[in-house]
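Q: build me a model:
(one chain, ligands or ions: 1)
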Amino acid sequence: MMSPVEFFRNLPKKVCPECGEGMHEQAESYLMECDRCLSKKEE
Ligand SMILES: [Zn+2]
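A: Predicted coordinates for the structure are as follows:
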């Protein structure tokens, strides 16, 4: 059996649809874009 740590390590990375960069999975975040694209939009 896989340990929980191994399980999460094997999950596919969440990718920003704007720039294709991999980004951190944020459980509470409803945002789709990465921090970089979000900050661009705010400007
Ligand atoms: Zn992005």
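Q: number of residues surrounding Cys34?
A: Neighbour count for Cys34, taken as other Cβ atoms under 10 Å: 20. In short, each C-beta sits where N, CA and C put it, glycine included.
Q: cool, and Ser3?
A: Residues lying near Ser3 (other Cβ under 10 Å) number 8.
Q: ok, Arg9 next?
A: Arg9 has 9 neighbouring residues, counting by other Cβ under 10 Å.
Q: show me what from this structure comes close to the ion.
A: By Cβ under 5 Å from the ion, the residues of the chain that approach the ion are 16, 18-19, 21, 34, 37.
Q: just the buried residues of those.
A: Buried members of the residues of the chain next to the ion, scored by 16 or more other Cβ atoms under 10 Å, are 16, 34, 37.
Q: tell me the contacts of the closest residue to Glu21 other than its chain neighbours?
A: Among residues not flanking Glu21 along the chain, Cys34 sits closest, at 5.2 Å (Cβ to Cβ, 6 or more residues apart in numbering). Applying Cβ atoms under 8 Å, 6 or more residues apart in numbering, we find Cys34 in contact with 16, 18-19, 21, 23.
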